[in-house]
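Chemist: fold the stuff below for me.
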Amino acid sequence: MTLQEKVQGDLKVAMKAKDSDRTGAIRILIGEFGRQFEKVLTDEQVVAIIKKLIKSERELLAAQGRDSSPFLTIMEEYLPKAATEEEIRAWIEANIDVSAYGNRMQAMRPVMNHFGSAADGNVVKKILQSIP
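Modeler: You can find the predicted model right below:
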């Protein structure tokens, strides 16, 4: 089952449970699916849409002086489990020779290619900057 199918199935469950927060959040997400050129999306495309919505919601909450919202919590449930800082650091130390790069940030590409959407770019950047 693709992530897109899971989201669409979750809408039915939320509607039957009369969960208005979840129903509204999922409808917004499905609306974003409809704006895409392709109608059947890969999991990577769905995750990118979710991340875009989360970023937008965080900016809105920051402007309002709030930390979280039901929408943000629901959207984060659909993201894949994020790699921990320790996992990322261990992989970098085992697989990347930072001295081979002119600039440490050039090592971000292989790290992000390995972890994909499971790694936050800001966390990877922080780790690369902290490596001696």
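
Chemist: list the contacts of K52.
Modeler: E32 (Cβ atoms under 8 Å, 6 or more residues apart in numbering). Placement of C-beta: from N, CA and C, glycine included.

Chemist: now do it against K81, distance only.
Modeler: The gap separating K52 from K81 is 19 Å, by Cβ to Cβ, to the nearest Å.

Chemist: also G34?
Modeler: 27 Å.

Chemist: same deal with R89?
Modeler: 17 Å.

Chemist: equivalent analysis for K125, please.
Modeler: K125 is 20 Å from K81, by Cβ to Cβ.

Chemist: of these two, who's got more company?
Modeler: In this view K125 and K81 are compared by other Cβ atoms under 10 Å, and K125 has more residues nearby, 14 against 6.

Chemist: tell me which helix or strand that one sits in.
Modeler: Secondary structure from DSSP states H and E places K125 in helix 121-130.

Chemist: averaged pLDDT, that helix. What do you get?
Modeler: The predicted model gives helix 121-130 an average pLDDT of 85.

Chemist: list the buried ones in that helix?
Modeler: V123, V124, I127, L128 (16 or more other Cβ atoms under 10 Å).

Chemist: tell me which of these is nearest to E77?
Modeler: V123 (19.8 Å; Cβ to Cβ).
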